[in-house]
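S.K.: Got a sequence here, can you model it:
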Amino acid sequence: MQPLGRYRREQRITEDSLKRDLSFSRHYTSKAVLLGIFVSLGAILLGYKPFGKSFMLGALCSCFNTVLMNLFYSNLLFRNRKSASFKAFLFVLIRFAVLAVPLILALTNKNFNFIGAILGIFAVQMIIFWENVILAKLKIRF
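M.R.: A predicted model of the protein is given here:
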């Protein structure tokens, strides 16, 4: 058995591993989009339209960021360290740019709320916390 964190050079990304990574992100991102829709509709119905739009935009960018993270993670196994480090740095910059979009829009446009954008960015993390901590303590599965 190989120790954790050690990869053989001939190890390749298989179609099954890519499907597993995408199913992981699909599971959490679909629930985060639903959370964004419900929170946004609730906020709009209560009269907080900028908050609702900002939360939905933040949730969508958070979902896109999670999908990018899973796709890029499977591409980080390279032969030399220099190439892997450079590509990892580029991937982090791209992900930061995706997360900056709702924040910049919220700061520059009066039709968006900054707090709503911040909370929307954490939509995927809220879903992961909800499922793995709160529901696990209550022993509820759905």
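S.K.: just checking, residue 39 touches residue 52?
M.R.: Yes. Contact criterion CB atoms under 8 Å: residue 39 and residue 52 qualify, at 7.2 Å. All C-beta spots, glycine's among them, are computed from the backbone N, C-alpha and C.
S.K.: ok, now which ones touch the nearest residue to residue 35 once chain neighbours are set aside?
M.R.: Among residues not flanking residue 35 along the chain, residue 123 sits closest, at 5.5 Å (CB to CB, 6 or more residues apart in numbering). For residue 123, the contact set (CB atoms under 8 Å, 6 or more residues apart in numbering) comprises 32, 35-36, 55, 58-59, 62-63.
S.K.: longest helix of this structure?
M.R.: Among the segments of the chain that qualify as a helix by DSSP state H, the longest is helix 15-45.
S.K.: in that one, what's buried?
M.R.: 21, 25, 28-29, 31-33, 35-36, 39-40, 43-44 (16 or more other CB atoms under 10 Å).
S.K.: Return the item of those having minimum pLDDT.
M.R.: Lowest pLDDT within these is found at residue 21 (62).
S.K.: picking up where we left off before, pull the most distant pair out of the buried residues of helix 15-45.
M.R.: Using CB to CB, the buried residues of helix 15-45 reach their maximum pairwise distance at 21 and 44, which is 34.1 Å.
S.K.: Could you list the buried residues of the host helix or strand of residue 90?
M.R.: Here residue 90 is covered by helix 81-108, with elements defined by DSSP states H and E. By neighbour count on 16+ other CB under 10 Å, the buried set for helix 81-108 is 91, 95, 98-99, 101-103, 105-106.
S.K.: next helix or strand past that helix?
M.R.: On the C-terminal side of helix 81-108, the nearest following helix or strand under DSSP H and E is helix 114-121.
S.K.: what about the helix holding residue 90, average pLDDT?
M.R.: The average pLDDT within helix 81-108 is 89.
S.K.: Kindly report the same for stretch 117-124.
M.R.: For stretch 117-124, mean pLDDT rounds to 94.
S.K.: For that stretch, list every residue counted as buried.
M.R.: Residues 117, 119-121, 123-124 are the ones in stretch 117-124 that count as buried (16+ other CB under 10 Å).
S.K.: so how far is residue 58 from the spatially most central residue of the chain?
M.R.: Compute the mean C-alpha point of the chain, and by CA atoms, centre = their mean the closest residue is residue 66, 2.8 Å away. Residue 66 sits 13 Å away from residue 58, going by CB to CB, to the nearest Å.
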